[in-house]
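Chemist: Generate coordinates for the sequence data below:
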Amino acid sequence: MGLNKTNRTRLMGGVALWVLAFNGEAVAQDAVTTDESIPLDRIVIGTGVPKVAIDTPQAVTVLDQEAIDAQQPRTIGDVFNEIPGVTAIGSNSVLGESINIRGIGEALSGDETRIIIRVDGVNKFYEQYRLGSFFSDPELYKQVEVLRGPASSTLYGSGAMGGVVTFTTKDASDFLDPGDMLGGRLKTSWDSNGNGWLGSAIVAAEPVKNFELLGALNYRQSQDISDGQGNKIPDSDFNSVNGLIKARYTFGENDDQSVFASYQRWQSDEDNQNYDQLTWSGGFGDVDRKVTDQTAILGYENAFTGNDLLNIKAQMSWSDTRVEQDNQDQLCAQFAPPPAPPTCYYPFGYSSEYSYETWQARIDNDSEFELGESWQAFLTTGLNAQFQERRNPRDFGTYVRSGSGSHPEGDSTTLGVYAQSEFVWNDVISLIPGMRIDYSNVHVGSYVNSSGNTVDLNEDKTKIGYSPKFAALIKMTDWLGVFGSVAHTERLPSLDEVFSNYTVNAIEKEKSNNFEAGFTLSFDNVALEGDAFRLKTTAFRNNITDYYASYWNGTSVVTEIIPKARYEGLELEASYWTDSVYGTLGASLVRGENANTGGYLNAVPADNAFLKVGYVHKPWNLDIGWKGDFFASQDRVGTDESKTAGYVLHNLYAFWKPTEGHLAGSEVRFNVDNIFDKSYRHHLSDDEGAGRSFKLSFAKKF
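Modeler: From the prediction side, this is the model:
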């Protein structure tokens, strides 16, 4: 369904933004790329039934291995530079990054519950004010999918008002040719801005038939990077070590069953680091900080060959994100009028630890039905369960305090059940209804208050969230498709909201009603024999009631409940390519409004677009090109936000993949980011943007 080559690149798309020119990553060459390297032709696995991006009734972008490597990303946030509607926010620190999708997601607000992040099917969650929300390294991953909008909630969990980001790690099969027992890859890269470098080693093996093993180890480090004026950006230096171990055994009469296991670990250990990794506020002092993120998975799959009703995937997982902080500075403040001396104290204790330890289990099944000669039906059903412990002990010397009023300790339990079907008529009409129900319980037990006394609160809050949706795709002609969707989701209250200041609050669910519509264009042999043009646009409106908006008011983080908030906008992805020339275009426009007051919402990104134009010299297998990033000024700002000026960044890149001689199997990449050393500040960042950087990488497959 939708996967054959003649039909997969045609159906559906979104309402026009503005069409300019090209789109298509590093594409249209035999040896360097394949059709799947073209953004709108890449397979999407996160929408129920796998299909290519242009055939989905939702705004979705897939980055494959080629697209990730082409950017030579320094941090996870760099991966999103070519995804319309998605922005890395926070700072240039590897520990200060979070994600904003369509205006939802603010670094200081604890918006992590509005955007679901998954690694190999495991939900990742971390929330600590003045720190980022996801810690990992881009070198681990071979694919990144971003599904924008609340329609993703049906499959992945209620409350995904911004959307879902899914990361897929590398597999042994990516480095083994048929018949190989051993393979792998060595890679190193260097970044002039910050004198950063990466060392990566991957070993893949199949010691016996159908038993695959992979081991990967990466080390990355960087000094402080500089902005466009040559000034050092504080605390942008880091070092990290991360590793991945995976095993899979395939068996059964038709090789349709497999068991698999994996373990992933990322760690960074820095001394004398600014406590605040977002705004670099000196008021919180310095700290020695160790961050460790771990994920372990055990799973089973069975395709039940010959049985269209069963295709089961099940897995259990453990996830732990932990931040250990020692040697924290005292803070001194003038609580009494002069000449009284300032009072000095340890707000976070001499040492503290923030941890989110999570156990998860899920099972999914895909069924396929034939409903006569013209209709096909597909049904995706699933169950998932999650239990999470949040701990925050703070050592004050004479006693250990359990968290704080703004970051209480507690447990949360979530159970979800969902079903999504897809009815297809002659590959012309697709109807996709879906429904999800989630149960959530948040619990706080005893805690130690600021006086060192134990208080037994022992309170629970329970809510149920519903996430129905309906989407439709219609193929009007061979070259024109239209789509539309309606989705509702409810975000269940977070621990901070329920037990703020150790009192039980009467918290209502946030409710989102999202509407999307759009169209696609798909032409072959437009100007030259063998060329092609693809375009997909999406218009959306997201109405949210009881919206919890948090922001920094200059003194503290405050939360305002907005009865009615509205986000709306347009997104565009397009592509044109020939055998030698190609181009890509992506653009996004987002508006956020407090529907009660008419004022602007915080954290709405500036209008932006990127344009990439490249040339492939096939005799040398050489790909060279230019990419421009265009950002408008942003004066539609919310409470206590600053306006930002517009800017344009110019970038160059070259990619060489030898096919003969001693360098066969190698990849050489050279990028120049911000060629003209432009000074700028991204609207959703609290520090200056990075200045010019020369990037060089070399990888060799063996």
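
Chemist: hey, let's count contacts and neighbours off CA atoms from now on
Modeler: OK.

Chemist: got the buried residues for stretch 50-57?
Modeler: Within stretch 50-57, the residues scored as buried using 16 or more other C-alpha atoms under 10 Å are K51, V52, A53, I54, D55, T56, P57.

Chemist: Please disregard the earlier target; I meant stretch 370-386.
Modeler: Result for stretch 370-386 [16+ other C-alpha under 10 Å]: buried residues Q376, A377, F378, L379, T380, T381, G382, L383, N384, A385, Q386.

Chemist: Now tabulate those in TSV and tack on pLDDT and secondary structure.
Modeler: Formatted as TSV, these follow (pLDDT from 0 to 100; DSSP: H, G, I helix; E, B strand; the rest coil):
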residue	pLDDT	secondary structure
Q376	92	strand
A377	95	strand
F378	94	strand
L379	96	strand
T380	96	strand
T381	97	strand
G382	96	strand
L383	97	strand
N384	96	strand
A385	98	strand
Q386	97	strand
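
Chemist: quick one: what helix or strand has the residue nearest to the spatial centre of the chain in it?
Modeler: Geometric centre of the chain, nearest residue: V165, 3.7 Å, by C-alpha atoms, centre = their mean. In this assignment (DSSP states H and E), V165 forms part of strand 163-169.

Chemist: Any idea how far that strand is from the middle of the chain?
Modeler: 6 Å (C-alpha atoms, centre = their mean, to the nearest Å).

Chemist: average pLDDT across that strand?
Modeler: On average, the pLDDT along strand 163-169 is 96.

Chemist: Then stretch 100-119?
Modeler: pLDDT averaged over stretch 100-119 gives 85.

Chemist: That one: how far from the chain's middle?
Modeler: For stretch 100-119, the distance to the chain centre is 9 Å (C-alpha atoms, centre = their mean).

Chemist: What are the buried residues along it?
Modeler: Those buried within stretch 100-119 under the rule 16+ other C-alpha under 10 Å are 100-119.

Chemist: What of stretch 441-460?
Modeler: Here stretch 441-460 shows N441, V442, H443, V444, Y447, V448, N449, S450, E459, D460 as buried, counting by 16+ other C-alpha under 10 Å.

Chemist: got the contact list for that stretch?
Modeler: 399-404, 408-414, 461-463, 494-495, 498-499, 502, 504 (C-alpha atoms under 8 Å, 6 or more residues apart in numbering).

Chemist: one more time with 10 Å
Modeler: Under the criterion C-alpha atoms under 10 Å, 6 or more residues apart in numbering, residues 347, 387-390, 393-394, 396, 398-405, 408-415, 461-464, 492-495, 498-499, 501-504 lie in contact with stretch 441-460.

Chemist: Which PyMOL command selects the buried ones in those residues?
Modeler: Listed next is the PyMOL selection for buried residues among the contacts of stretch 441-460, using 16+ other C-alpha under 10 Å:
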select buried, resi 387+388+389+390+393+394+396+400+401+402+403+404+408+409+410+411+412+413+414+415+461+463+464+492+493+494+495+498+499+502
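
Chemist: can you tell me which of the contacts of stretch 441-460 are in strands?
Modeler: 387-390, 393-394, 400-402, 410-415, 461-464 (DSSP state E).

Chemist: Between the buried residues of stretch 50-57, which sits nearest V287?
Modeler: A53 (44.4 Å; C-alpha to C-alpha).

Chemist: Touching, the closest one and I43? I think so.
Modeler: Yes: contact between A53 and I43 holds when scored by C-alpha atoms under 10 Å: they sit 6.3 Å apart.
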